[in-house]
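K.L.:
Test case, fold it:
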Amino acid sequence: MKKLLALLLAIVMVLSLAACGGDEDKDQGGNNNASNQGGQNNQDGENNQGGENNQGGENNQAQDTYLAAIERLVKCSLLGDLEGLEKLAPEDFWKFYEQSGMPRKSMIDEAAYSCGVAFDAVKGQYGANVTYTINITGKEDFDAAMMATIAACLKEQKGISEDKFTAGCQVTADVSLKGNAEGSQTIETAALQIDGQWYCASVMIWDEGAYVAFEIEMMVGG
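P.N.:
Numbering: from 1, shown residues only. Alright, predicted model coming up:
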């Protein structure tokens, strides 16, 4: 089953790359990104370019936003917060794959390996004490047609009932990293609100159909 999932994800990623630069209805989700070991508090606000600025720390879960989802992705995939990996997908997602023969622990372990490799690269460039700032540079809410398409995919492909998917948008963000050196990475991801919480995902649309993959799936086998 793991080999089949890895093969499916590989095919989906190829289709996603082929769709890059296409029309606005073709939404792709995110690069693997980094996180902060230092635990600063969130500072959400408007920057001088009209984007939201978030400086290193976890948003309050009671006020979960798409920005909190991006921050969780950054912390896991670039800064090695392995304890946060399970929060990158909703509980129904984990139950669906466990029922399909893919144990939760196996997926998390594989994702953790990919995150560890990414964090080693970050440490090599910036040192171990890396801080980050997330700057939202673009956000487009999904229209009704896109919402319906994603809802159908979530139900068929992840076992998530359509009524649990209540909001979604395509987001572009710059992540500034600072340590022994300074640099930045760009994230492009779909942010999906499911059961009141936000998650980052890759949404691929093509003529024959569509596919939704939560970012942790993109880490598996990476």
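K.L.:
Name the residues linked to the most centrally placed residue in the chain by a beta bridge.
P.N.:
By CA atoms, centre = their mean, the chain has its centre lying nearest to Cys200, at 3.2 Å. Cys200 has these beta-bridge partners by DSSP bridges: Ala191.
K.L.:
hey, what's Asp174 bridged with?
P.N.:
Counting by DSSP bridges, Asp174 is bridged to Asn135, Thr186.
K.L.:
just checking, it touches Thr186?
P.N.:
Yes - the criterion here is CB atoms under 8 Å, and Asp174 meets it with Thr186 at 5.8 Å. Every residue, glycine included, has its C-beta placed from N, CA and C.
K.L.:
if you count what's nearby, which of these two comes out ahead?
P.N.:
Asp174 (16 against 12; other CB atoms under 10 Å).
K.L.:
hang on, the earlier thing: I figured the residue nearest to the centre of the chain hits Ala213, correct?
P.N.:
No - with contact defined as CB under 8 Å, Cys200 does not count as touching Ala213 (10.2 Å).
K.L.:
So what touches stretch 146-166?
P.N.:
25, 27, 90, 92-93, 95-96, 99, 142, 168, 190, 192-196, 203, 205, 210-212, 214 (CB atoms under 8 Å, 6 or more residues apart in numbering).
K.L.:
now with 6 Å?
P.N.:
Stretch 146-166 is contacted from outside by 92-93, 96, 168, 193-195, 210, 212, using CB atoms under 6 Å, 6 or more residues apart in numbering.
K.L.:
Looking at these, which is nearest Lys123?
P.N.:
Taking CB to CB as the measure, Lys123 lies nearest Phe93 of these, at 29.8 Å.
K.L.:
Please work out how many residues are found near the closest one.
P.N.:
Neighbours around Phe93, by other CB under 10 Å: 23.
K.L.:
Tell me the spatial nearest neighbour of it, not counting adjacent residues.
P.N.:
Excluding the flanking residues, the one nearest Phe93 by CB to CB, 6 or more residues apart in numbering is Lys158, at 5.2 Å.
K.L.:
Would you mind giving both backbone torsions of that neighbour?
P.N.:
Dihedral pair for Lys158: phi -130, psi 0, per degrees, to the nearest 10.
K.L.:
where does the chain dip in pLDDT?
P.N.:
Scanning the chain for pLDDT under 70 picks out the ranges 1-63, 221-222.
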